[in-house]
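Engineer: Attaching a predicted model along with its sequence, questions to come.
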Amino acid sequence: MTRAYLGLGANLGDREASIRGALARLDATPGIRVVRQSTLRETEPVGGPPQGPYLNGVAEIDTTLPAYALLALCKACERDAGRDFDAERNAPRPLDLDVLLFGDERIDTRDLVVPHPRMHERSFVAQPLAELGVALPPAPTFPRVVHAPDEFTALAIEWTRGDCRTGLVPTMGALHEGHVSLMRRARRECDRVAATIFVNPLQFDQSADLEAYPRDLDRDLAICRDAGVDAVFAPAPASMYPEAFASHVAVGSEAEGMEGAVRAGHFAGVATVVAKLFVVARADRAYFGEKDAQQLAVVRRLAIDLGVGTEIVGCPIVRESDGLAMSSRNARLGPRDRAASTVLHRALRVARDAFREGERSAAALVASARAQLDTEPLCATEYLELRHERTLASLGDDALPDTGARMLVAARFDTDSACETRLIDNMSLAGD
Ligand code: PAF
């Protein structure tokens, strides 16, 4: 016999009658006895569209059923009361039954998580439980932070066993809105979302750059929590690369030229850490920003070649209101160079507009963007190239096709100071 607690709620129709009807049905079910219930109290809705107040309470039950059978019965009660399961999240409903506690079992699956992860934050659940004298288990911390690779793998396995579709957002921290957009997309598409925060030494060719990379785990964790990330994997360098570490992923033509030409070993370092993260995380999907278009092409290649079983999802660039692509490096720009840096977006747009007006000569498009870059004396352009949209293969000098061309640019700013900043940006000529 297991003692369980159910959250009760309703804000459509005869709220009290629906709740009482469900409790009578549960009590009449073999293997369930409703022991007692809290008073029902009126509460304001949390989230969702504008809607009326709820009637909420908690019921204590004893049951011989397994947790899943109890959940299935609760769902049947909700459905029979007229609940629309296709409605948007937090939409009004004639009946809501949540399994809050099921003995001292811990369950983390797609359909059922007990103890209920959010019950501490919800006074409409916490107060009725207190009224019944039920002590809440310690509140879980969000996101869960895992440092050891094998612990993270164990969590990933637990999620997979629970039939959860899992999304991974690899990052090096110093999170900004661009990362948040990846996390939110993963949140929409997956049952569980993990982010990784690891400043990967293998992808830095200069130790000063590695040292200067901003690190603020507490700030990053707060951002992950707000974006709905379930777990963060933040390993120490020694656990990713123990002393005897000797194997590296060799990268192909995607890594040639552009970033690959100026940052020796960078993409091999990225590919090695990403492959390790894929092995550790076993995610169904991994989310990468299109701002690092060459990195995305390298990772897509790697995922195919190594058969990692993780689907790679490229996500659009997120820009500041003046067009500058979001990057952890933007914070390093002084005010003059920050203002000057918008030239990158302007130059890409000039080429894109010309393309949309019918220009198909690669040389002419590059020249139009170059002319725009040259208007900004603080911008030291490193490369400006037209490549194939996804593979980043060279497009040659022939007239461009109507779709599938991407322009990529890299430039240095603050070149007269000791800490110059390198920025990259890109744009699909047909899209964006
Ligand atoms: O894009 C990044 O932040 C990093 O290159 C990545 C993919 C997390 C690998 O370290």
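Structural biologist: Cool, got the structure.
Engineer: low pLDDT regions in the protein?
Structural biologist: 415-419, 432 (pLDDT under 70).
Engineer: In it, which helix is the longest?
Structural biologist: helix 266-281 (DSSP state H).
Engineer: Next, the angle from the helix or strand following it to helix 266-281.
Structural biologist: Using DSSP states H and E, the helix or strand that follows helix 266-281 in sequence is strand 285-289. Counting by axes from the mean of the first three to the mean of the last three CA atoms, to 10 degrees, strand 285-289 points 150 degrees away from the direction of helix 266-281.
Engineer: Which single residue of the stretch 1-150 of the chain ends up nearest the ligand?
Structural biologist: In the stretch 1-150 of the chain, the residue that lies nearest the ligand is Pro149 (14.7 Å; CB to the nearest ligand atom). In this view, the C-beta of every residue, glycine as well, is placed from N, C-alpha and C.
Engineer: Distance check, that residue against Ala194.
Structural biologist: 12 Å (CB to CB, to the nearest Å).
Engineer: The two: which is more packed in?
Structural biologist: Ala194 (30 against 17; other CB atoms under 10 Å).
Engineer: Identify the residue nearest that one in space, chain neighbours excluded?
Structural biologist: Ala231 (4.6 Å; CB to CB, 6 or more residues apart in numbering).
Engineer: number of nearby residues for that neighbour?
Structural biologist: Other residues close to Ala231 by other CB under 10 Å number 24.
Engineer: Am I right that it is in contact with Ile197?
Structural biologist: No: with contacts counted by CB atoms under 8 Å, Ala231 stays clear of Ile197, the gap being 11.1 Å.
Engineer: Would you indicate which residues of the helix or strand harbouring Ala222 are buried?
Structural biologist: In this structure, Ala222 sits in helix 217-226 according to DSSP H and E. Neighbour counts over helix 217-226 (16 or more other CB atoms under 10 Å) mark Asp220, Leu221, Ile223, Cys224 as buried.
Engineer: Could you double-check that Trp159 lies in contact with Asp108?
Structural biologist: Yes: if you go by CB under 8 Å, Trp159 and Asp108 touch, sitting 7.1 Å apart.
Engineer: of the two, who's got more company?
Structural biologist: With neighbours defined as other CB under 10 Å, Trp159 and Asp108 compare such that Trp159 has more, 25 against 17.
Engineer: my read is the more buried one is in a strand, agree?
Structural biologist: No: counting by DSSP: H, G, I helix; E, B strand; the rest coil, Trp159 falls outside a strand, being helix.
Engineer: quick one: contacts for the closest residue in space to the residue of the stretch 1-150 of the chain closest to the ligand that isn't next to it in sequence?
Structural biologist: Nearest residue to Pro149, sequence neighbours excluded (CB to CB, 6+ apart): Val280, at 4.8 Å. Shown in contact with Val280 (CB atoms under 8 Å, 6 or more residues apart in numbering): Pro149, Phe152, Thr153, Ala156, Phe233.
Engineer: quick one: which of those residues is most hemmed in?
Structural biologist: Most surrounded of the contacts of Val280: other CB under 10 Å gives Phe233, at 26 neighbours.
Engineer: Spell out which residues of the stretch 151-300 of the chain are next to the ligand.
Structural biologist: The stretch 151-300 of the chain has residues Pro170, Thr171, Met172, Asn200, Gln203, Val270, Val273, Val274, Asp292, Gln295 near the ligand, with proximity defined as CB under 6 Å from any ligand atom.
Engineer: For the last one, identify the helix or strand it belongs to.
Structural biologist: Think Gln295. Applying DSSP H and E, one finds Gln295 within helix 293-305.
Engineer: Outside of that helix itself, list whatever touches it.
Structural biologist: 249, 251-252, 254-255, 258-260, 267, 270-271, 274-275, 278, 286, 288-290, 308, 310-312, 314, 390-392, 406, 408, 426.
Engineer: Now do the helices for this protein: every range, in order, please.
Structural biologist: Taking DSSP H, the helices of the chain run over residues 15-28, 67-80, 123-131, 149-161, 177-189, 207-212, 217-226, 237-240, 258-262, 266-281, 293-305, 335-340, 343-356, 362-374.
Engineer: List the contacts of the fifth one.
Structural biologist: Spelled out, it's helix 177-189. So helix 177-189 is contacted by 165, 167-169, 171, 193, 195, 223-224, 226-229, 285, 287-289, 291, 313, 315-318, 325-327 (CB under 8 Å, 6+ apart).
Engineer: quick check: angle from that helix to strand 285-289?
Structural biologist: Using the same axes, to 10 degrees: helix 177-189 against strand 285-289 is 150 degrees.
Engineer: what do you get for the third one?
Structural biologist: Using the same axes, to 10 degrees, one finds that helix 123-131 and strand 285-289 are set 130 degrees apart in direction.
Engineer: Which residues belonging to helix 123-131 are considered buried?
Structural biologist: In helix 123-131, counting by 16+ other CB under 10 Å, buried: Phe124, Val125, Ala126, Gln127, Pro128, Leu129.
Engineer: Ok, the fifth one next?
Structural biologist: Counting neighbours by 16+ other CB under 10 Å, one finds that the buried residues in helix 177-189 are Gly178, His179, Val180, Ser181, Leu182, Met183, Arg184, Arg185, Ala186, Arg187.
Engineer: Then the longest one?
Structural biologist: In terms of neighbour count (16+ other CB under 10 Å), helix 266-281 has its buried residues at 266-278, 280-281.
Engineer: just the CA coordinates of that helix, formatted as CSV?
Structural biologist: Only the C-alpha atoms of helix 266-281 are listed here, as CSV (Å, rounded to 0.1, in the frame of the first residue of the first chain):
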residue,chain,number,x,y,z
HIS,A,266,40.4,25.4,-33.4
PHE,A,267,37.9,23.2,-35.1
ALA,A,268,39.7,20.0,-34.2
GLY,A,269,39.4,21.2,-30.6
VAL,A,270,35.7,22.0,-31.1
ALA,A,271,35.0,18.6,-32.8
THR,A,272,36.8,16.7,-30.0
VAL,A,273,34.9,18.3,-27.2
VAL,A,274,31.6,18.1,-29.1
ALA,A,275,32.1,14.4,-29.8
LYS,A,276,32.9,13.9,-26.1
LEU,A,277,29.8,15.8,-25.1
PHE,A,278,27.6,13.8,-27.5
VAL,A,279,29.0,10.5,-26.0
VAL,A,280,28.4,11.7,-22.4
ALA,A,281,25.0,13.3,-23.0
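Engineer: No more questions from me, cheers.
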